[in-house]
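okay, structure incoming, though there's no sequence with it:
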């Protein structure tokens, strides 16, 4: 879509308000900067628009995942030689919320992570960063063995009745669906591991058991949820934006998984 003028913090904020984002919202954002078009001030303006619309009583949350801090034995895109595995486990710096950058989460998520006042959870694979009034409540309790379940930021957002904003991306990026996945009594579980920074400053490869994540049917699930008519779809800048209640989404997805995924 051609632009007649650059988008700005104010114009993006107006678009977000029209979509349904409001003061006091707890807003989990998955976003593609490129989808927005040209924004005067770039990423900084985008984050500022989110902060401005949610206001002093609201909270902006983003995924700051680190999928490269996982067991190299399971890497497929691309794989690495088996002779490298132990070196990677032994030498990868332990996850540190302050130092470790996110990877493949996009520039908007990284900007929120480094924004003054932002807090980040401590999970070495699937951390989240939050900025605003409920930040400590959302990221303060993130268990290794419940990465995207009840004792994760996703569970906290559910309890706070937050919203999910998909900004130029689809339901394959909709992390909240993993909360519904974790609620399945038959969800397969497996051993996973990461390098974790210890309180004394040393690094240690740590293993635990958690739900195996599977996004293969998220687009189909997302389409089924949108068919209920509860998702608000509109434009933010040049981007197609989707806004939904996380609680409604997760409740729908919990039932959908039970009906549509094979049980063990």
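Received, thanks. All of these numbers come straight from a predicted model, not from anything done at the bench. Numbering: from 1, shown residues only.

max-length helix in the protein?
Secondary structure of the chain read by DSSP state H shows that its longest helix is helix 246-260.

which residues touch it?
Under the contact criterion Cβ atoms under 8 Å, 6 or more residues apart in numbering, helix 246-260 has outside partners 28, 154, 157-158, 161-164, 174, 176-177, 179-181, 183-184, 217, 220-221, 224-225, 228, 230. The way it works is simple: take the backbone N, C-alpha and C, and place the C-beta from them, glycine included.

could you find the closest non-adjacent residue to residue 118?
Spatial nearest neighbour of residue 118, chain neighbours left out: residue 131 (4.5 Å); criterion: Cβ to Cβ, 6 or more residues apart in numbering.

ok so that neighbour is a strand residue?
Yes: note on residue 131: a strand contains this position according to DSSP: H, G, I helix; E, B strand; the rest coil.

from residue 232, how far off is the most centrally placed residue in the chain?
With distances taken as Cα atoms, centre = their mean, the residue of the chain nearest its centroid is residue 63 (3.0 Å). The gap separating residue 63 from residue 232 is 21 Å, by Cβ to Cβ, to the nearest Å.

please apply the same query to residue 39.
Using Cβ to Cβ, we find residue 39 at a distance of 22 Å from residue 232.

can you pull out the strands in the protein?
Along the chain, the stretches classed as strands by DSSP state E are 26-31, 59-63, 119-120, 128-132, 163-167, 189-197, 203-211, 232-236, 239-245.

of the ones you listed, which approaches residue 73 most closely?
Distances from residue 73 to each of those were compared by Cβ to Cβ, and the smallest falls on strand 189-197, at 9.2 Å.

for stretch 232-248, measure first residue to last.
13 Å (Cα to Cα, to the nearest Å).

residues contacting residue 155?
Per Cβ under 8 Å, 6+ apart, neighbours of residue 155: 146, 149, 179.

which one of the residues you listed has the most neighbours?
The most neighbours of any of the contacts of residue 155, using other Cβ atoms under 10 Å, belong to residue 179, which has 23 neighbours.

for that residue, which non-adjacent residue is closest in space?
Counting by Cβ to Cβ, 6+ apart, the residue nearest residue 179 is residue 154, at 4.3 Å.

ok, back up a step: now the residue nearest to the centre of the chain: how far from residue 120?
11 Å.

picking that back up, pick out whichever of residue 39 and residue 232 has more residues nearby.
For the pair residue 39 and residue 232, the greater number of neighbours falls to residue 39 (21 against 16), based on other Cβ under 10 Å.

counting neighbours, what do you get for the residue nearest to that one when sequence neighbours are not counted?
Among residues not flanking residue 39 along the chain, residue 7 sits closest, at 4.6 Å (Cβ to Cβ, 6+ apart). Residue 7: 22 surrounding residues under other Cβ under 10 Å.

also the one 5 residues further on?
Using other Cβ under 10 Å, residue 12 is surrounded by 24 other residues.

OK, contacts around the closest residue to it other than its chain neighbours?
Once its chain neighbours are removed from consideration, residue 12 has its nearest residue in residue 49; the separation is 3.9 Å (Cβ to Cβ, 6+ apart). By Cβ under 8 Å, 6+ apart, the contact list for residue 49 reads 9-10, 12-13, 16.

now residue 115
By Cβ under 8 Å, 6+ apart, the contact set of residue 115 is 47, 51, 131.

picking up where we left off before, whichever of the contacts of helix 246-260 end up buried, select them in ChimeraX.
The ChimeraX command for the buried members of the contacts of helix 246-260 (criterion: 16 or more other Cβ atoms under 10 Å) is given here:
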select :28,154,157,158,162,163,164,174,176,177,179,180,181,183,184,217,221,225
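
the residue nearest to residue 12 and residue 43, how far apart?
The spacing between residue 49 and residue 43, counted by Cβ to Cβ, is 11 Å.

just give me the closest of the contacts of residue 115 to residue 168.
Relative to residue 168, the closest of the contacts of residue 115 is residue 47; by Cβ to Cβ it sits at 14.8 Å.
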